[in-house]
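# Just need the structure, nothing else, for what follows:
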Amino acid sequence: MNDRYLTVAEVTDSARKLVSRFPGTARLRRIGTSREGRPLLMLSAGHGPHKALVVAGPHPDERAAGGTALALAELAARGDRQSPATDPTLVTWNIILCLDPDGAALAEAADDAGPVLGRGFDPVSVSVPDLGNAAGPGFGPDLGPIPAKRPLSLARYYRTAYRPMAAEQPEWAPVADRPIPETLALLRVIDELRPFIQCSLHSTDVGGSWIQLTRDLPDLAVPFRESAEAIGIPLQQGTYDALYWENPSPAIYVLPPPDSAARLAAGSEDIARSTWCAPRHYGGVTAIIEVPIWAAPMVADTTPEPGAVRLLSNLADLVRDGGRQVTEVLSKTRGFLPSPETDPLRRVLEWMAAGLYDLVAASWQPLAQQAVAANTSEDPRHLTTAQVAALDIVARRQPLRAAGLLLRLLEASANAAAPALHDELSDLFTTWCTDFETALHTRPVPVHAQVAHQTRTAVAAAECALRALGQG
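Numbers count the residues shown, from 1 in each chain. All right, here's what the predicted structure looks like:
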């Protein structure tokens, strides 16, 4: 059996089977329709007065969430009471199976011959050895499939990954003043449920695990760390996604208060309009749970990096140069590739070419200035190896994402110029992937381990949020 990701169809099929196995306890309903007419489905388990909301599939290139969604539903439907969060008389888990099924269809179409858990596979029916209860309460040894092989390479990942431009991402569309059906469906569910916690399930291509919170949950640090340690996933001690956020404990980042200088520096002044912050209207908290597809040990290294200023300058050059090279190839294809108005891959490429690379490179300049001002290695303004490594990942990621999308478009083109341009870009792409793996010392994290850690963290977060309500 391959250790691979579930497709949306497989997640849906497993959800229907779970409802059949737990009639009355588990329910499946349609909460909306995507832009292209695909159903948005929500699986609920339990009948407790406290509502937990889980959002799987917010980004189509982050595919561990399907297995996590089913594992959480199974725990709730079984009536696992080892944790208050999985007591079905106390908590009802409401799990959106895939928030962006249109994006998922594009990703799966590119990966239909590759690793994407098996046909008809129930991801909570096969034992995982040696995990036990080490990472927190309520978890026996049955959280995922036994890994057989890991055929997914970094090159294949970027050749098949698809992520929409920001304005077309359901969680972020409100920030861009472009409400889309998926966003509106999620906001309706939040208004209906008034969840005490929302868990948004994400993955990072390379790095470690971290959590972003809209409000601090101090008790979460220990079970989160224990889960990562038990499975061998590094905690990411610095991340571009939460640049300048508060960092109360290792790899846990809390959104700065409104109007704070840190919030403005993080570019998060508009985040209150995202779906992440919607539960706050009802006293709820959102936990964005990130798990790595490839682990990079450097992201956990908190030793001071003496060459940080020089390295950040090099990384700025790296992302700009890589973006420029992809854009130069793109400029030669604009006459024959599908238009951005009709092709979502082309829209992403044009969005990135319009200034994203410069925006990314400029975003860490305040960190470089901070590092210049640091007087000693103990000065808190000094940057660590982990912080620099997190930005190294971002600098390499952006051109690779663009190159992978452009290669797909060139492969599909019948234009006579396409093969030569494809070969030119493919050589760059291969070199970049090899350099990425070498520079960050990457190692693959088995899918079952990604699912186990994300599941445990979601339950631990819910338990902490319950405790804050006086229910834990």
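# Look at G283 and say how many residues are nearby.
G283: 13 surrounding residues under other CB atoms under 10 Å. For every residue, glycine as well, the C-beta is placed using N, CA and C.
# Please tell me the pLDDT value assigned to it.
On the pLDDT scale, G283 is placed at 96.
# F196 is in contact with that one, correct?
Yes - taking CB atoms under 8 Å as the definition, G283 is a contact partner of F196 at 7.1 Å.
# got a pLDDT number for V445?
For V445, the model assigns a pLDDT of 96.
# Is it in contact with E290, as I believe?
No - taking contacts as CB under 8 Å, V445 lies outside contact range of E290: 11.9 Å.
# Please report how far the residue sitting furthest away from the middle of the chain lies from H422.
The C-alpha centroid of the chain is most remote from A416, which lies 37.7 Å away (CA atoms, centre = their mean). Distance check for A416 against H422: by CB to CB, to the nearest Å, it reads 12 Å.
# Over to V326?
Going from V326 to H422 by CB to CB gives 13 Å.
# who's more crowded, the two?
V326 (28 against 20).
# what does the model give that one for pLDDT?
V326 is assigned 98 on the pLDDT scale.
# Pull out the buried positions in stretch 338-355.
Using 16 or more other CB atoms under 10 Å as the test for burial, stretch 338-355 gives P340, D343, P344, L345, R346, R347, V348, L349, E350, W351, M352, A353.
# first to last residue in that stretch, what's the distance?
Start-to-end span of stretch 338-355 (CA to CA, to the nearest Å) is 21 Å.
# And stretch 157-176, by the same measure?
With CA to CA, one end of stretch 157-176 sits 28 Å from the other.
# likewise stretch 21-28?
Using CA to CA, one end of stretch 21-28 lies 13 Å from the other.
# Ok, stretch 91-110 next?
Start-to-end, stretch 91-110 (CA to CA) is 38 Å.
# quick one: the helices in this structure?
8-21, 65-78, 101-110, 154-160, 181-193, 221-231, 261-265, 308-331, 344-351, 357-363, 365-373, 385-412, 418-440, 447-468 (DSSP state H).
# and R215, which of these is closest to it?
helix 447-468 (8.6 Å; CB to CB).
# Does the closest one pack against any helices or strands, and if so which?
strand 50-55, helix 65-78, strand 197-207, helix 221-231, strand 285-295 (3 or more CB pairs under 8 Å, 6 or more residues apart in numbering; DSSP states H and E).
# Run the angle between that helix and helix 65-78 for me.
Orientation of helix 447-468 against helix 65-78 (axes from the mean of the first three to the mean of the last three CA atoms, to 10 degrees) gives an angle of 50 degrees.
# now helix 447-468 against strand 285-295, angle please.
160 degrees.
# could you give the angle of helix 447-468 to helix 221-231?
Orientation check (the same axes, to 10 degrees): helix 447-468 against helix 221-231 gives 170 degrees.
# can you pull the buried residues of helix 447-468?
So for helix 447-468, counting by 16+ other CB under 10 Å, buried means 447-468.
# now swap in stretch 362-370 and tell me
By neighbour count on 16+ other CB under 10 Å, the buried set for stretch 362-370 is S363, W364, L367, A368, Q370.
# which of the residues you listed lies closest to W294?
W364 (21.8 Å).
# low pLDDT regions in the chain?
Regions of the chain meeting the criterion pLDDT under 70 cover residues 1-2, 112-151, 258-269, 377, 472.
# one more time with 80, if that's ok
Low-confidence segments of the chain, defined by pLDDT under 80, span residues 1-2, 80-81, 111-152, 175-178, 257-270, 375-380, 471-472.
# Just give me the residue right at the centre of it.
Centroid check for the chain by CA atoms, centre = their mean gives H202 as the closest residue, at 2.2 Å.
# which ones are touching it?
P58, H59, E62, A65, I288, I289, E290, V291 (CB atoms under 8 Å, 6 or more residues apart in numbering).
# contacting residues around the residue nearest to L186 when sequence neighbours are not counted?
The shortest distance from L186 to any non-neighbouring residue, by CB to CB, 6 or more residues apart in numbering, is to T275 (5.3 Å). Neighbouring residues of T275 by CB under 8 Å, 6+ apart: V55, P170, E171, P174, T183, L186, L187, I190.
# Correct me if wrong: the last one contacts V55.
To tie it back to what came earlier, the one meant is I190. No - checked against CB under 8 Å, the pair I190 and V55 is beyond contact range at 9.8 Å.
# So between the two, which is more surrounded?
Counted by other CB under 10 Å, I190 and V55 do not tie: V55 has more neighbours, with 29 against 21.
# Help me confirm that that one comes into contact with Q198.
Yes - V55 lies in contact with Q198 (CB under 8 Å); the separation is 6.7 Å.
# which one of the buried residues of stretch 338-355 is nearest Q236?
Nearest to Q236 out of these is M352 (CB to CB; 23.6 Å).
# For the nearest residue to the closest one once chain neighbours are set aside, list the residues it contacts.
For M352, ignoring the flanking residues on the chain, the nearest one in space by CB to CB, 6+ apart is A402 at 5.1 Å. Residues in contact with A402 (CB under 8 Å, 6+ apart) are G323, V326, T327, L330, V348, L349, M352, A353.
# List the contacts of A173.
The contact partners of A173, taken as CB under 8 Å, 6+ apart, are A167, P179, I180, E182, T183.
# and if you look at V372?
V309.
# Just list the residues touching the closest residue to R81 other than its chain neighbours, thanks.
Leaving aside its sequence neighbours, R81 sits nearest to D87 (CB to CB, 6+ apart; 4.7 Å). Under the criterion of CB under 8 Å, 6+ apart, the neighbours of D87 are G46, G48, G79, D80, R81.
# Of all pairs in those residues, which one is the farthest apart?
That would be G48 and D80, which, of the contacts of D87, are the farthest apart (CB to CB) at 12.7 Å.
# on that earlier part again, dump the helices and strands packed on helix 447-468 into CSV; add distance to T431 as well.
Output for the helices and strands packed on helix 447-468, formatted as CSV (distance: least, CB to CB, whole Å):
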stretch, distance to T431
strand 50-55, 36
helix 65-78, 31
strand 197-207, 17
helix 221-231, 32
strand 285-295, 18
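# among these, which is nearest T214?
Nearest to T214 among these is strand 285-295; the distance by CB to CB comes to 4.6 Å.
# can you pull the contacts of V309?
Under the criterion of CB under 8 Å, 6+ apart, the neighbours of V309 are A368, A371, V372.
# thought the first one was touching L311?
No - under the criterion of CB under 8 Å, A368 makes no contact with L311, lying 9.3 Å away.
# Can you name the two of the buried residues of stretch 362-370 that sit furthest apart?
Top of the distance list for the buried residues of stretch 362-370 (CB to CB): S363 and Q370, 13.1 Å.
# quick revisit: which one of the contacts of A402 is nearest A9?
V348 (24.1 Å).
# Which residue is the nearest non-sequential neighbour of the closest one?
M165 (5.2 Å).
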